[in-house]
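Enquirer: With the sequence up front, the predicted model follows.
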Amino acid sequence: MAICYPSSPTWGRRIEQRDEAVRDGETTARLETDQHVKVVVFDSAVEGFFLTHYDFLARLEDLTGLPPGPTGLQPLPDMLVRLSRAPVVSISLIRGRATGVGSELALASDMRFASRERAILSQWEVGVGLVPGGGPMARLPRLMGRGRALEVLLGADDMRGDLAELYGYVNRSLPDADLDGFVDALATRIASFDKRAIIETKRLVNAASLPPDVEIAAGWDACLASMGRTAAQERIKTLMERGFHKPGDAENRLGYYVGQLGR
Amino acid sequence: MAICYPSSPTWGRRIEQRDEAVRDGETTARLETDQHVKVVVFDSAVEGFFLTHYDFLARLEDLTGLPPGPTGLQPLPDMLVRLSRAPVVSISLIRGRATGVGSELALASDMRFASRERAILSQWEVGVGLVPGGGPMARLPRLMGRGRALEVLLGADDMRGDLAELYGYVNRSLPDADLDGFVDALATRIASFDKRAIIETKRLVNAASLPPDVEIAAGWDACLASMGRTAAQERIKTLMERGFHKPGDAENRLGYYVGQLGR
Amino acid sequence: MAICYPSSPTWGRRIEQRDEAVRDGETTARLETDQHVKVVVFDSAVEGFFLTHYDFLARLEDLTGLPPGPTGLQPLPDMLVRLSRAPVVSISLIRGRATGVGSELALASDMRFASRERAILSQWEVGVGLVPGGGPMARLPRLMGRGRALEVLLGADDMRGDLAELYGYVNRSLPDADLDGFVDALATRIASFDKRAIIETKRLVNAASLPPDVEIAAGWDACLASMGRTAAQERIKTLMERGFHKPGDAENRLGYYVGQLGR
């Protein structure tokens, strides 16, 4: 769900987007061109989840057969790099699980705030023999340094809000009761400022901090190649048999479950 | 105020500099050439302030009409990038408000230590429609990652010592009663070491970590352009009417005041 | 001591390596080519020390007369940069002192975990007039930002586990009683994953985060040059007279002792 600050005449205050948002180039295009929106907050309308992993029941062709976006990247990485560059401030409000694409959307956002009690962040992919595809190898080391980034990516485990704050995975971890109010106040505050000053300041931060697109492209290619390998297909199949891809314990404790696959 | 370690025959132990220091290319030139000084500590002689924002009562021509310094940059960014490269170790001891240029001087220093109870750091500029001019878009993401840098710059709010420590804005936040002793001990310690080993080690850290001057120049240009825009002029005028640029509540709680301008 | 996960038929579970490990190009070559090992943990078999400084009783010719390794760098920096790039995950488990080369081995590893009560990290070299040689000017700013890196390198003081965690010098500092179990669980977990997914993910993190070899080479050259200077030779001689290079107080509290040399 995206909440826009200030309310735009064409958008309304809240737009139901749910999981479709991350594949939705149209949303990104509107953020790139809307003259009113200064801040967009991504939060969740689904209890227990911010946004989670890919749909592994979909055909791989449905993912790879799509035409590239304006950056020349495939639609998912295209959407993520455009979000980071968009002339609007994006904030991820993380309550529940942000795994895989969920973590990657948060990392492509400009800021991230997590519920201390209810946020779980992870890049779980290596745990099933995959390489992550949405850019975390490029983004995590620039946020938290090489050592902690390797722990997140190669450990492939669930991480709570407080450790995510210590590592710089999120800006801050806040008590769950304070999280919505804090993010709303920050978004409202920024939306009261001059849009051009916001945009130019962000653009200069981007020049100093965004990874080059070629690193995002390399990660995407490595991810697609890993999907076709036996090691990944067998691990995902086993995980499916244990309840993956259905509401329940395997999704709720994904870090634990991927740690059991190769034993 | 700059305190030099060890005491230099030409400098004396303490040099009153106050706000003039930051525009003072001569100070920088002496730090670049003095054979005795190994460490310089910047602290404040003014209660409640480390160093604060530009003088908005000065004529813009007085700022833009100055000839560039040896780096080719205008005097303020020239002084800041030369300080970072100077063959001397610079430490900012932050007690009171370090806003705008004050934050930028601290960021251009080699290290920063803050009073837990009495330090306030901020880049307030976006809050009045300005782009910051002294390099924080280049320096903050390299210190604390893109997400926290964007929060500091686009939130434009006051930040206390403990959060500044968590974010890496300062090296450490210390109890106010311990701050002077800690910084004096560290400066005295470093000043007891061999100057050439200090300089060569710093030079190699600089190669790994300093932003290129072109990023500083781009920020400066964006800042000057923003000063001429109506959005900034109107906000600064309103802020003046509310007590800005005079001792009092608007200066003391600048983060709060800029958050009220656009509502 | 290196512990390999999973147990390799040719390596066995534990290989006694002690201090020789860091000069041992053969160890690195085996990590580069072994098909079974996915994770290697470096810990210590010597009470009170992870790994400490160079042997200053050895002849300098023994260090500089060696042929370069495959990277074109001299053997020590060659070993360190190859470890960072090796197709295996390296974890430093730091209990006791990690000084000089010990810190540099930890920094070249993929992850670092420290004992809260018993780890001491330091780059002590500037304290005796030397420039560090194994890459910390290149690696520390990328882990913890320029300001904290300069404090570690120019302060040349001993740092405990908790501050190392705050600074990002280590991934985490853990209670001593929990450290072995934590690292063993993480290493076992990663070793249960698919080796190719691990390697490709690490390779992409490396692309985003490793310093270029030329920075490592420049640091090595500056270190060698500093060893020949009078300032360093005199300080090391004085330190030897105070007990350096023998078990005892000078080695145990090296940070304190180097702080006394120039007073």
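Expert: Great, that's in hand.
Enquirer: distance of the most centrally placed residue in chain A from A:Gly135?
Expert: For chain A, A:Leu105 is the residue whose C-alpha lies nearest the centre (CA atoms, centre = their mean; 1.9 Å). As judged by CB to CB, to the nearest Å, A:Leu105 and A:Gly135 stand 10 Å apart. (Glycine included, C-beta is placed from N, CA and C.)
Enquirer: Now do the shared contacts for these two.
Expert: Common neighbours of A:Leu105 and A:Gly135, using CB atoms under 8 Å, 6 or more residues apart in numbering or on different chains, are A:Leu80.
Enquirer: Quick one: name the residues of the stretch 151-263 of chain A near chain C.
Expert: Proximity of the stretch 151-263 of chain A to chain C (CB under 8 Å from any CB of the partner chain) is limited to residues A:151, A:153-157, A:166, A:211, A:215, A:218-219, A:222, A:226, A:229, A:231-232, A:235, A:259, A:261-263.
Enquirer: what about burial for those, which qualify?
Expert: A:151, A:153-157, A:166, A:211, A:215, A:218-219, A:222, A:226, A:229, A:231-232, A:235, A:259, A:261-262 (16 or more other CB atoms under 10 Å in any protein chain shown).
Enquirer: So which of those are in helices?
Expert: In helices, judged by DSSP state H, the following of these are found: A:151, A:153-155, A:166, A:215, A:218-219, A:222, A:226, A:231-232, A:235.
Enquirer: For the residue of the stretch 1-150 of chain A found nearest chain B, the count of nearby residues, please.
Expert: Residue nearest to chain B within the stretch 1-150 of chain A: A:Leu143 (4.1 Å; CB to the nearest CB). Per other CB atoms under 10 Å in any protein chain shown, the neighbour tally for A:Leu143 reads 24.
Enquirer: ok, back up a step: so which of the ones in helices among the buried ones among the residues of the stretch 151-263 of chain A next to chain C is the closest to chain B?
Expert: Nearest to chain B among those, counting by CB to the nearest CB, is A:Leu166 at 8.4 Å.
Enquirer: A:Ala2 touches A:Arg30, doesn't it?
Expert: No. Using CB atoms under 8 Å, A:Ala2 is not in contact with A:Arg30, being 9.8 Å away.
Enquirer: surely the residue nearest to the centre of chain A meets A:Leu80?
Expert: Yes. Contact status for A:Leu105 versus A:Leu80: in contact at 6.9 Å, counting by CB under 8 Å.
Enquirer: Now the common contact residues for the two.
Expert: By CB under 8 Å, 6+ apart, A:Leu105 and A:Leu80 have these common neighbours: A:Gly134.
Enquirer: Contact residues of chain A facing chain B?
Expert: So chain A meets chain B at A:89, A:109-112, A:142-144, A:165, A:168, A:170-172, A:186, A:189-190, A:192-194, A:196-198, A:200-202, A:204-210 (CB under 8 Å from any CB).
Enquirer: before we move on, back to that, of the ones in helices among the buried ones among the residues of the stretch 151-263 of chain A next to chain C, closest to C:Arg116?
Expert: Nearest to C:Arg116 among those, counting by CB to CB, is A:Leu166 at 14.0 Å.
Enquirer: what residues are up against that closest one?
Expert: For A:Leu166, the contacting residues are C:165, C:172, by CB under 8 Å, 6+ apart.
Enquirer: Just checking, which helix or strand of chain A averages the lowest pLDDT?
Expert: When each helix and strand of chain A is scored by mean pLDDT, DSSP states H and E, strand A:12-15 comes last, with a mean of 44.
Enquirer: hmm, back to that, out of the residues of chain A next to chain B, list just those in strands.
Expert: Counting by DSSP state E, the part of these found in strands is A:89, A:111-112, A:172.
Enquirer: can the residues you listed go into TSV with extra columns for neighbour count and pLDDT?
Expert: Formatted as TSV, these follow (neighbours: other CB atoms under 10 Å in any protein chain shown; pLDDT from 0 to 100):
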residue	neighbour count	pLDDT
A:Val89	28	98
A:Met111	27	98
A:Arg112	31	98
A:Arg172	20	98
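Enquirer: nearest to C:Thr64, of the residues you listed?
Expert: Nearest to C:Thr64 among these, counting by CB to CB, is A:Arg112 at 48.3 Å.
Enquirer: Tell me who's in contact with the closest one.
Expert: Counting by CB under 8 Å, 6+ apart, A:Arg112 touches A:91-92, A:94, A:106, A:169-171, B:147.
Enquirer: isn't A:Thr64 right up against A:Leu224?
Expert: Yes. Applying CB under 8 Å as the test, A:Thr64 and A:Leu224 come out as touching, 6.2 Å apart.
Enquirer: which of the two has more neighbours?
Expert: Counted by other CB under 10 Å, A:Thr64 and A:Leu224 do not tie: A:Leu224 has more neighbours, with 16 against 11.
Enquirer: Residue ranges in chain A under the pLDDT threshold?
Expert: Flagging of chain A using pLDDT under 70 yields the residue ranges A:7-25.
Enquirer: can you give me the helices for it?
Expert: According to DSSP H, chain A carries its helices in the segments A:25-33, A:60-64, A:75-85, A:101-108, A:136-144, A:146-155, A:161-167, A:176-191, A:195-209, A:213-227, A:230-241, A:249-252, A:254-258.
Enquirer: Identify each buried residue in the longest one, please.
Expert: The neighbour-count check on helix A:176-191 (16+ other CB under 10 Å) flags A:179-180, A:183, A:186-187, A:189-191 as buried.
Enquirer: again, but for the last one
Expert: For helix A:254-258, the neighbour count (16+ other CB under 10 Å) marks A:254-255, A:257-258 as buried.
Enquirer: out of these, who's nearest C:Leu121?
Expert: Comparing these against C:Leu121 with CB to CB places A:Gly255 closest, at 28.9 Å.
Enquirer: show me the contacts for the residue in the stretch 151-263 of chain A positioned nearest to chain C.
Expert: Closest to chain C within the stretch 151-263 of chain A is A:Gly262: 3.4 Å, counting by CB to the nearest CB. Neighbouring residues of A:Gly262 by CB under 8 Å, 6+ apart: A:235, C:192-194.
Enquirer: what about 10 Å?
Expert: Applying CB atoms under 10 Å, 6 or more residues apart in numbering or on different chains to A:Gly262 gives the contacts A:127-129, A:231, A:235, A:238, C:6, C:188-194.
Enquirer: Please name the nearest non-neighbouring residue to the residue of the stretch 1-150 of chain A closest to chain B.
Expert: Nearest non-adjacent residue to A:Leu143, counting by CB to CB, 6 or more residues apart in numbering or on different chains: B:Gly145, 4.1 Å away.
Enquirer: which residues sit in contact with that neighbour?
Expert: By CB under 10 Å, 6+ apart, B:Gly145 lies in contact with A:139-145, A:168-169, A:171, A:209, B:167-168, C:145.
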